[in-house]
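S.K.: give me a model of this one.
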Amino acid sequence: MARGTVSELTRWPVKSLRGEPVRAARFDDRGMAGDRAYALRDERPKRAGKVLTVRQNPGMLSWGATYGETTDPAEPPQLRAPDGTTWTWEDPKLGDALADSFGIPLSLRAADGQQDRGPTVLVTFEASRTGLGEELGVEVDLRRFRTNLHIDADLPAFAEEQWETGATITAGDVELEVTGENAGPCIRCAVPSWDAEGRERWRDLQTHLIDRHDNKFGVIMRVTKPGEIRLGDPVTTR
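M.R.: From the prediction side, this is the model:
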């Protein structure tokens, strides 16, 4: 058993846009409430209707999305454009503004609880972030990994790469477990190779993860006991 604390909580209201740090959040069978609950659809002829991601358009990272400080969002998010303009999700001109910004036709999609891998939570550990930076010889920005729950615990770096079904975390009121489909150590796509604003690509980061860590960073878990997690809450792992 290892012990630690919750050091960061981050929610990503719109898939592939920048997210928001929060001080507290609700976790339940949706995963982190409000996380990736909205998305953009690619409407180019060969991809019509498919979800648009950073992999197709890194410029998405120049836009941010926020609900504010609510722990369980009931209203749609607000979006912030690169020029600082704030848009509401319901604004009829938002779709055109996004399409102009990204240079492709698109549409808006609201699907509460929609996630990359189903109703899951991405957990990362400070020891692994620090260890990765030491291996690369440079600080690694956690935002690259689009984590939900970041934990500072007395675990060795990269210990979670070996976690198997049944591994659990208790954080605040919440219990999470490696269980169900697509849970376990997180196999990374190319997204972490982009900086948090989508301006520059660091290909060596992904190459390093592939060569040294089987392309893993963080662990995907599911909520088995719902509740609220706050910054600074105690954590146990087993």
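S.K.: residue nearest the centroid of this protein?
M.R.: The C-alpha lying nearest the average C-alpha coordinate of the chain belongs to residue 146 (Cα atoms, centre = their mean; 3.1 Å).
S.K.: low-confidence ranges, this protein, go.
M.R.: Within the chain, the set of residues satisfying pLDDT under 70 comprises 111-117.
S.K.: give me that answer again for 80
M.R.: Along the chain, the parts satisfying pLDDT under 80 run over 111-118.
S.K.: all helices for it, in order.
M.R.: 94-102, 126-136, 203-213 (DSSP state H).
S.K.: would you mark the buried spots in the second one?
M.R.: What it means is helix 126-136. Taking 16 or more other Cβ atoms under 10 Å as the basis for neighbour counts, the residues of helix 126-136 that come out buried are 126-129, 131-132. C-beta coordinates here come from the backbone N, C-alpha and C atoms, glycine included.
S.K.: same check, this time on the shortest one
M.R.: For helix 94-102, a neighbour-count test (16+ other Cβ under 10 Å) marks 95, 98, 101-102 as buried.
S.K.: between the residues you listed, which is closest to residue 121?
M.R.: Within those, the smallest distance to residue 121 is 27.1 Å, found for residue 98 (Cβ to Cβ).
S.K.: now the closest one: how far from residue 194?
M.R.: Residue 98 sits at a distance of 18 Å from residue 194 (criterion: Cβ to Cβ, to the nearest Å).
S.K.: and residue 176, bridged to which residues?
M.R.: On the basis of DSSP bridges, residue 176 takes part in beta bridges with residue 169, residue 223.
S.K.: didn't it look like it was pressed against residue 226?
M.R.: No. With contact defined as Cβ atoms under 8 Å, residue 176 does not count as touching residue 226 (10.3 Å).
S.K.: more neighbours: which of these two?
M.R.: Between residue 176 and residue 226, counted using other Cβ atoms under 10 Å, residue 176 has the larger neighbour count: 27 against 14.
S.K.: for the nearest residue to residue 48 once chain neighbours are set aside, give me its contacts.
M.R.: In space, residue 48 comes closest to residue 42 once its chain neighbours are excluded; the distance is 7.1 Å by Cβ to Cβ, 6 or more residues apart in numbering. Residues counted as contacts of residue 42 (Cβ atoms under 8 Å, 6 or more residues apart in numbering) are 48-52, 56, 104-106.
S.K.: and for residue 102?
M.R.: The contact partners of residue 102, taken as Cβ under 8 Å, 6+ apart, are 52, 57, 59-60.
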